[in-house]
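Asks: need a structure here:
(one chain, ligands or ions: 1)
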Amino acid sequence: MREEIHFGSKKIDFTLIYSDRKTLGITVSPEMEVLVKAPLETSLEQVKVKVHKRAPWILKQLDYFLSFQPRSVPKKFISGETHLYLGRQYRLKVSLSEKKSIKLKGKFIEVSTPELNQTELIVKNWYLKNAERKFREYAEPLITAFQKYDVKPEEIILRNMPTRWGSCTPKGKIILNPELIKAPKGCIEYVIIHELCHLIHHNHNSDFLALQTREMQEWEKWKNRLENLLA
Ligand SMILES: [Zn+2]
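Replies: A predicted model of the protein is given here:
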C-alpha cells in the first residue's frame, strides 16, 4: 500500500509491504521508489516512526540533487508575458493571423494564431519540439564522452515529471523533464551528465560525485542555477 510521511518540509512517499520477517527493511531503488518491508505485526504508526527515523538516509538516497520545485506562476499566454527559453527571458507577442506560426525573434517569441485561445497549445508544442531537438543535440557529445566507461544509455526520452528534472531506469533509459528547455544549456548538460553517471553508480556516493566532478567541473554552479530557475 502507498503511504507517506513528512520530514521537515519534505514528503516521503513509500510503498509498504507486510511480510513474514523479523525486522523492518527500507530500500530505495534506482528509480527512486522507496520500499518498506515490515514484519506482519507492525502497526502503521510504528512503521511511520521508523521511516521518519531513517528519513535523512532516505532523502540522501533519493534524487534530491535533481529535485524540481516548480516556482512558476500560472501563465496566461498573452502578449507581453515573459517566458523562459534556454535560460533567457523572452516576451510573448501574439497576433491574429489565418496561419499558425511561432518563432523566436530578438527578445520575442512571436506567435501567430487564428484564435487567441490556441496560443497556449502552440507555445507548449513549440517548447516540446525544441526540447526534443536540443536535448538530443546536447546529449550527443556527452554520450560519446561516456563511451570510455563502456556505458551508453539505451535511449533518452522526455516525460513530464512533477518533481524531477531527470531520472534513469535500471535498464539505462534516461528520462528528462521537457521543462528543462527553460534552463540554460549548462543546466541541461548537468542533468544529462548526472544521469549518465548513474549508469555507472546508482546512488550518490563519493564515487558518483568524483565521477560527476571529473565529467563536469562546475556542476554545482549549474545545479544552483537550476534550483533557482524561475520558470
Ligand atoms: Zn541522481
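
Asks: any idea which helix is longest in the chain?
Replies: In terms of residue count, the longest helix belonging to the chain (DSSP state H) is helix 119-146.

Asks: Strand partners (parallel or antiparallel) of the very next helix or strand once past that helix?
Replies: Once helix 119-146 ends, the next helix or strand along the chain (criterion: DSSP states H and E) is strand 155-158. Strand pairing for strand 155-158, determined by DSSP bridges: strand 173-176 (parallel).

Asks: which residues are in contact with the partner strand?
Replies: For strand 173-176, the external contacting residues (CB atoms under 8 Å, 6 or more residues apart in numbering) are 131, 135, 139, 153-159, 161, 165-169, 188, 191-192, 195-196. (Each C-beta comes from the backbone N, C-alpha and C, glycine too.)

Asks: which helices and strands does the next helix or strand after it pack with?
Replies: Following strand 173-176 in sequence order, the next helix or strand is helix 185-198 (DSSP H and E). With contacts taken as 3 or more CB pairs under 8 Å, 6 or more residues apart in numbering; DSSP states H and E, helix 185-198 sits against helix 119-146, strand 166-168, strand 173-176, helix 206-215, helix 219-227.

Asks: Of these, which is nearest Lys105?
Replies: helix 119-146 (13.1 Å; CB to CB).

Asks: buried ones in that closest one?
Replies: 119, 122-123, 126-127, 131-132, 134-135, 138-139, 142-143, 146 (16 or more other CB atoms under 10 Å).

Asks: And stretch 172-191, by the same measure?
Replies: 174-184, 186-191.

Asks: Tell me the secondary structure at the residue nearest to Ser19 when sequence neighbours are not counted.
Replies: Closest residue to Ser19 in three dimensions, ignoring its sequence neighbours and counting by CB to CB, 6 or more residues apart in numbering: Lys37, at 5.5 Å. Here Lys37 is recorded as strand under DSSP: H, G, I helix; E, B strand; the rest coil.

Asks: Tell me what angle the longest helix of the chain forms with helix 185-198.
Replies: 50 degrees (axes from the mean of the first three to the mean of the last three CA atoms, to 10 degrees).

Asks: by how many degrees do helix 119-146 and helix 206-215 diverge?
Replies: 100 degrees.

Asks: show me what contacts the residue of the chain most remote from its centre?
Replies: Distance from the centre of the chain peaks at Glu41, with 37.6 Å (CA atoms, centre = their mean). Glu41 makes no contacts at all, as judged by CB under 8 Å, 6+ apart.

Asks: domain parsing for this structure?
Replies: Domain segmentation of the chain under automatic domain parsing yields 2-62, 82-227.

Asks: ok, now how distant is the most centrally placed residue in the chain from Tyr138?
Replies: In the chain, the centroid-proximal residue (CA atoms, centre = their mean) is Trp165; its distance is 1.1 Å. Remark: distance between Trp165 and Tyr138 (CB to CB, to the nearest Å) = 14 Å.

Asks: Is it possible to get CSV of the domains of the chain that adds mean pLDDT and distance to Lys75?
Replies: Output for the domains of the chain, formatted as CSV (pLDDT from 0 to 100; distance: least, CB to CB, whole Å):
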stretch, mean pLDDT, distance to Lys75
domain 2-62, 89, 25
domain 82-227, 94, 7
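
Asks: Tell me which of those lies nearest to Lys76.
Replies: The nearest among the domains of the chain, by CB to CB, is domain 82-227 at 8.5 Å.
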